[in-house]
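K.L.:
coordinates only, sequence not included:
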């Protein structure tokens, strides 16, 4: 039996400097990633309606949009990990970026190898700890294939999910029928604790519910326990 190829992680690069876009794209492609580059926020946001990247590299000094406002919107609406790349080196800028929902902050100038390493470190979160760990889970008529980042329905229909969405899904599937608090999610998934993290989790969970065909008013699998956290009610089989 031939296994389906693993889907390389997709990284979008938003920076108005052509040399930086080219440098980052070359380094990432050489490291095995897929990349798409944008010079303007309007082009980038239009593309997000058609695709779901795993990681977004975002420069704050954009010609057509406030970079921090864009980061905040991505944190609320996108399932991707967000890494800021900026020439703003002040501590307050970094703190603000992380508080608004960014997962990491890299200061210009930088070594492309550092960016690749930071992306790999981010993508390792939520993945199986060893190559022997199971990569496929079955539950409620669905099969989650974490190598390919797809949900497969009983009729064979495939629904892709982003790496960030997969982090949350695996957290639930690893602990079915157990309460997972916000604090536990923050500890497992990383990111700055606070309102931005909570809203980002709400968005990712909402997107997962939609992909699983859940009724948003009465979900049967991912239940919200108000004031406490979430619980996944399905039976899960790994292997």
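P.N.:
Happy to help now that I have it. The structure displayed is predicted, hence computed values, not measured ones. Residues are numbered from 1 along each chain as shown.
K.L.:
what's the distance between residue 8 and residue 44?
P.N.:
To residue 44, residue 8 is 20 Å away according to CB to CB, to the nearest Å. All C-beta spots, glycine's among them, are computed from the backbone N, C-alpha and C.
K.L.:
higher neighbour count, the two?
P.N.:
Legend: neighbour count by other CB atoms under 10 Å for residue 8 and residue 44, higher for residue 44 (23 against 14).
K.L.:
which ones are touching the more buried one?
P.N.:
12, 14, 38 (CB atoms under 8 Å, 6 or more residues apart in numbering).
K.L.:
The second one pairs with what?
P.N.:
Partner residues in beta bridges with residue 14: residue 38, residue 58, with DSSP bridges as the criterion.
K.L.:
just checking, it touches residue 58?
P.N.:
Yes - in this structure, residue 14 is within contact of residue 58 by CB atoms under 8 Å, at 5.0 Å.
K.L.:
Mutual contacts of those two, please.
P.N.:
residue 70.
K.L.:
Quick check: the gap between the residue most central in space within the chain and residue 208.
P.N.:
In the chain, the centroid-proximal residue (CA atoms, centre = their mean) is residue 164; its distance is 2.4 Å. Going from residue 164 to residue 208 by CB to CB gives 10 Å.
K.L.:
any low-confidence regions in the protein?
P.N.:
Residue ranges of the chain with pLDDT under 70: 1-6, 79, 125-134, 190-196.
K.L.:
tell me the domain ranges of it?
P.N.:
10-124, 136-238 (automatic domain parsing).
K.L.:
Report the buried residues of stretch 105-119.
P.N.:
105, 106, 112, 115, 116, 118, 119 (16 or more other CB atoms under 10 Å).
K.L.:
which ones are touching the fifth one?
P.N.:
If a contact means CB under 8 Å, 6+ apart, then residue 116 has 27, 28, 31 as its contacts.
K.L.:
6 Å - rerun?
P.N.:
By CB atoms under 6 Å, 6 or more residues apart in numbering, the contact list for residue 116 reads 27, 31.
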